[in-house]
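> Kindly return the folded structure for what I paste below:
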Amino acid sequence: MFLGTHNPKLDEKGRLFLPAKFRDRLADGLVVTRGQERCLYVFPMDEFVRLAGQMQQAPTTSKAARDYMRVFLSGASDEVPDKQGRVTIPAALREYAGLSKDCTVIGTGARVEVWDTAAWNAYLESTEQAFSDQSEEVIPGLL
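Next comes the predicted model:
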């Protein structure tokens with residue numbers, strides 16, 4: 001399970017050091033793709049394959065399903081971290097997420113998200129109050 005917040009730097013070649021605690025799970029390969037709210041999603045290869053298989057079950061008659069799969073899968077890039085634990089983020093994905101040198105990497109359970117640090121801070125600030133004010137059950141059975 002991926003947890004926590006980390007602040008690695010993106011180097012001039014578009015490589016990002018994966019947090020040490022995430023490296024073992026991602027060492028055999030990963031997929032990085034467009035995420036929602038202009039971040040990137042990073043999945044271990046086996047989790048991505050499982051997720052893509054579930055997507056394939058969606059009816060092709062659903063425009064929303066087609067649209068989602070197109071955006072999600074067309075941006076996907078399979079990568080293998082190097083011996084130092086760095087992974088190359090393709091230029092198109094860096095542009096999509098507005099990544100600069102300062103990045104924030106968060107664990108969200110089954111996936112990792114990569115954010116431009118300024119965008120992450122703005123997102124967190126804009127959602128913090130709603131998180132605090134939440135009075136009804138958002139995730140059934142959680143609270």
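> Given the helix or strand residue 106 falls within, what are its sheet partners and their directions?
Assigned by DSSP states H and E, residue 106 belongs to strand 103-107. With DSSP bridges as the test, strand 103-107 is paired with strand 5-6 (antiparallel), strand 112-116 (antiparallel).
> which of these sits most buried?
strand 112-116 (a mean of 24; mean count of other Cβ atoms under 10 Å). All C-beta atoms are positioned from the backbone trio N, CA, C, and that covers glycine.
> List the contacts of that one.
With contacts defined as Cβ atoms under 8 Å, 6 or more residues apart in numbering, strand 112-116 is touched by 2, 16, 18, 22, 26, 32, 35, 39-43, 89, 97-100, 102-106, 123.
> What's the first helix or strand after that strand?
helix 117-133.
> Check which helices and strands that following helix sits against.
strand 103-107 (3 or more Cβ pairs under 8 Å, 6 or more residues apart in numbering; DSSP states H and E).
> Show me where the chain has its strands.
In the chain, the strands defined using DSSP state E lie at 5-6, 15-17, 30-34, 40-44, 77-79, 86-88, 103-107, 112-116.
> want to throw the strands paired with strand 103-107 into CSV with mean pLDDT?
CSV is the format used below for those (pLDDT from 0 to 100):
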stretch, mean pLDDT
strand 5-6, 98
strand 112-116, 98
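> As a markdown table, those strands with distance to residue 127 would be great.
Formatted as a markdown table, the strands paired with strand 103-107 follow (distance: least, Cβ to Cβ, whole Å):
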| stretch | distance to residue 127 |
| --- | --- |
| strand 5-6 | 14 |
| strand 112-116 | 13 |
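> Would you point out the helix or strand in this structure whose mean pLDDT is lowest?
helix 117-133 (a mean of 88; mean pLDDT, DSSP states H and E).
> Contacts for that helix, please.
By Cβ under 8 Å, 6+ apart, helix 117-133 touches 7, 37, 38, 39, 97, 98, 100, 102, 103, 104, 106, 115.
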